[in-house]
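Peer 1: No letters, just coordinates:
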Ligand code: 5GP
Ligand code: MN
C-alpha cells in the first residue's frame with residue numbers, strides 16, 4: 001500500500017526540487033530506461049529540468065525511446081555525472097534496491113547530499129533513501145511509477161510520450177505479459193496507456209524485432225551446442241565463453257532473453273546463463289513456480305533480484321563456476337523437485 005504521508009512528502013520534494021536527478025541500475029533494462037525516461041518527461045511537465053543518469057550503456061533496442069538523447073552515461077562521462085550527483089538536491093533511484101546495483105557509483109550515490117527517493121519493485125531495499133516507494137507487488141517499476149503519479153493527482157499529465165516509456169517497462173519486465181503479470185492493475189494501466197494512443201505493436205517491434213543477424217546466430221548456437229539440460233533437477237543452463245562472444249560479434253544486449261528459452265522445455269523450471277567477461281562471470285537466473293532464484297543468487301553468486309528472475313556474479317573461472325553450479329543443483333535437488 002502506498003501511504004498518503006509518503007505521497008505528501010513526495011509532492012513537497014518534487015515541488016521544491018531545483019536540480020532533480022534520476023538514476024538507474026547498471027546494465028539498465030527496458031524497465032529501468034522506461035521508468036527513468038517516463039519520470040524525466042513527467043518532471044519536465046512539472047516545470048523541472050531533470051538529469052537522467054545510467055551507470056553504463058544499454059542495448060540499442062532501447063535507443064528509440066523518447067528522451068534517449070538526454071541520458072548521460074557515467075562510463076563515458078564520469079566527471080559530468082559526478083558533478084551532477086554532487087549538485088542534485090533530489091535523487092530518484094529507479095528500478096534498484098541497493099546502491100551496489102550501480103556498480104561503481106555506490107559511494108558517490110550514498111555520499112551525495114541530495115534527498116534520495118527510491119521507486120522500485122525489488123524485494124528488501126537497503127536503507128539508503130530518505131523516502132521509499134518499494135513495492136514488489138507491481139510488475140515493473142514503470143507500473144509503480146504510473147501508480148505514484150496517479151496518487152500524486154497527476155494522472156492527467158501522463159501523455160503518449162510518457163505512456164510509451166511506461167509501456168516499454170511493463171512489457172519488458174513481464175516478458176510481454178508472460179510472467180509477473182497476474183494482477184488486474186497491470187492491465188488497468190495498460191488500458192490507460194492504450195487510450196493515450198500508445199502503439200503496443202510498434203513498441204514490441206522496436207524492442208524484440210530489432211536484433212542483429214549475429215545475435216540470432218548466437219542464439220541458435222547456444223540452443224544447439226551450449227545448452228546443458230538436467231531433467232533430474234528440472235534445470236538447464238547455457239554458458240558462453242569470451243571467445244564465443246567474440247566469434248559472434250557480441251554487442252551489449254545480445255544475450256537478453258536467452259536464459260528464458262530452456263524454461264519452455266517440458267519439466268524444466270530453473271535456468272541459468274553464464275557469460276564469461278574479462279574479470280568475472282555474469283550470471284542470470286530464471287525459474288517458474290516456487291524456486292527462489294534471488295535467494296540462490298544472493299547466497300551463492302553475489303547477487304539477488306526477484307523470486308523468478310535474478311542475477312549475480314562469479315569471480316572464479318567459468319569452468320569452476322559451472323562446477324559449483326552443478327554441485328549446488330545436487331544440494332537443492334529436494335527443493336527443486338518440490339518447486340512446482
Ligand atoms: P537480468 O538477468 O535480466 O540481468 O536480471 C534479472 C533480475 O535480476 C533483475 O530484476 C535485476 O535487477 C536482478 N539482477 C541481475 N543481476 C543482479 C546482480 O548482480 N545483483 C542483484 N542484486 N540483482 C541482479
Ligand atoms: Mn524492473
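Peer 2: Thanks, I have the structure now. Since the structure is predicted, the reported quantities are computational estimates derived from the model, not experimental observations. Ligands and ions are numbered 1, 2, ... in the order given.
Peer 1: what about residue 21, neighbour count?
Peer 2: Residue 21 is flanked by 24 other residues according to other CB atoms under 10 Å. The way it works is simple: take the backbone N, C-alpha and C, and place the C-beta from them, glycine included.
Peer 1: Check what pLDDT whichever residue of the chain sits closest to ligand 1 gets.
Peer 2: Evaluated by CB to the nearest ligand atom, the chain has residue 311 as its residue closest to ligand 1, separated by 2.3 Å. pLDDT recorded at residue 311 is 97.
Peer 1: ranges for the strands of the chain?
Peer 2: Assigned by DSSP state E, the strands in the chain fall at 20-23, 51-54, 71-73, 90-94, 115-120, 131-134, 227-230, 235-240, 270-276, 281-287, 304-305, 309-314.
Peer 1: So which of the ones you listed is nearest ligand 2?
Peer 2: Closest to ligand 2 of these is strand 115-120 (CB to the ion; 7.6 Å).
Peer 1: quick check, the closest one touching ligand 1?
Peer 2: No: applying CB under 6 Å from any ligand atom, one finds strand 115-120 separated from ligand 1 by no less than 9.2 Å.
Peer 1: What strands line up against that strand, and which way round?
Peer 2: Strand pairing for strand 115-120, using DSSP bridges, gives strand 90-94 (parallel), strand 131-134 (parallel).
Peer 1: deepest of those strands, which one?
Peer 2: strand 90-94 (a mean of 27; mean count of other CB atoms under 10 Å).
Peer 1: Please identify which of the strands of the chain is closest to residue 204.
Peer 2: Residue 204 lies closest to strand 309-314 among those, at 19.5 Å (CB to CB).
Peer 1: and residue 91, what does it touch?
Peer 2: Residues near residue 91 by CB atoms under 8 Å, 6 or more residues apart in numbering: 20-23, 85, 109, 112, 114-117.
Peer 1: So which of these reach ligand 2?
Peer 2: The subset of the contacts of residue 91 within reach of ligand 2, by CB under 5 Å from the ion, is empty.
Peer 1: any chance of those residues in TSV, plus pLDDT?
Peer 2: Shown next, in TSV, are these (pLDDT from 0 to 100):
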residue	pLDDT
20	98
21	98
22	99
23	98
85	98
109	98
112	98
114	98
115	98
116	98
117	98
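Peer 1: Of those residues, which is the most crowded?
Peer 2: Most neighbours among these, by other CB under 10 Å: residue 23, with 31 neighbours.
Peer 1: Compute the distance between it and residue 58, please.
Peer 2: 13 Å (CB to CB, to the nearest Å).
Peer 1: Check residue 303 and give its pLDDT.
Peer 2: Looking at residue 303, its pLDDT is 96.
Peer 1: What about the residue nearest to it when sequence neighbours are not counted, how many residues nearby?
Peer 2: Leaving aside its chain neighbours, residue 303 sits nearest to residue 312 (2.3 Å; criterion: CB to CB, 6 or more residues apart in numbering). The number of residues packed near residue 312 is 23, by other CB under 10 Å.
Peer 1: ditto for residue 206
Peer 2: Neighbours around residue 206, by other CB under 10 Å: 17.
Peer 1: Report the contact partners of it.
Peer 2: Residue 206 neighbours (CB under 8 Å, 6+ apart): 61, 64.
Peer 1: Can you report how many residues lie near residue 12?
Peer 2: Look at residue 12: counted by other CB under 10 Å, it has 10 neighbours.
Peer 1: longest helix of the chain?
Peer 2: Ordering each helix of the chain by length in residues (DSSP state H) puts helix 30-45 first.
Peer 1: Can you list the helices and strands that that helix packs against?
Peer 2: Judged by 3 or more CB pairs under 8 Å, 6 or more residues apart in numbering; DSSP states H and E, helix 30-45 is in contact with strand 20-23, strand 51-54, strand 71-73, strand 90-94, helix 141-151, helix 160-173.
Peer 1: Mind doing that once more with 7 Å?
Peer 2: For helix 30-45, the packing partners by 3 or more CB pairs under 7 Å, 6 or more residues apart in numbering; DSSP states H and E come out as strand 20-23, strand 51-54, strand 90-94, helix 141-151, helix 160-173.
Peer 1: Quick check: pLDDT value at the closest residue to residue 62 other than its chain neighbours.
Peer 2: The shortest distance from residue 62 to any non-neighbouring residue, by CB to CB, 6+ apart, is to residue 33 (4.9 Å). Residue 33 is assigned 98 on the pLDDT scale.
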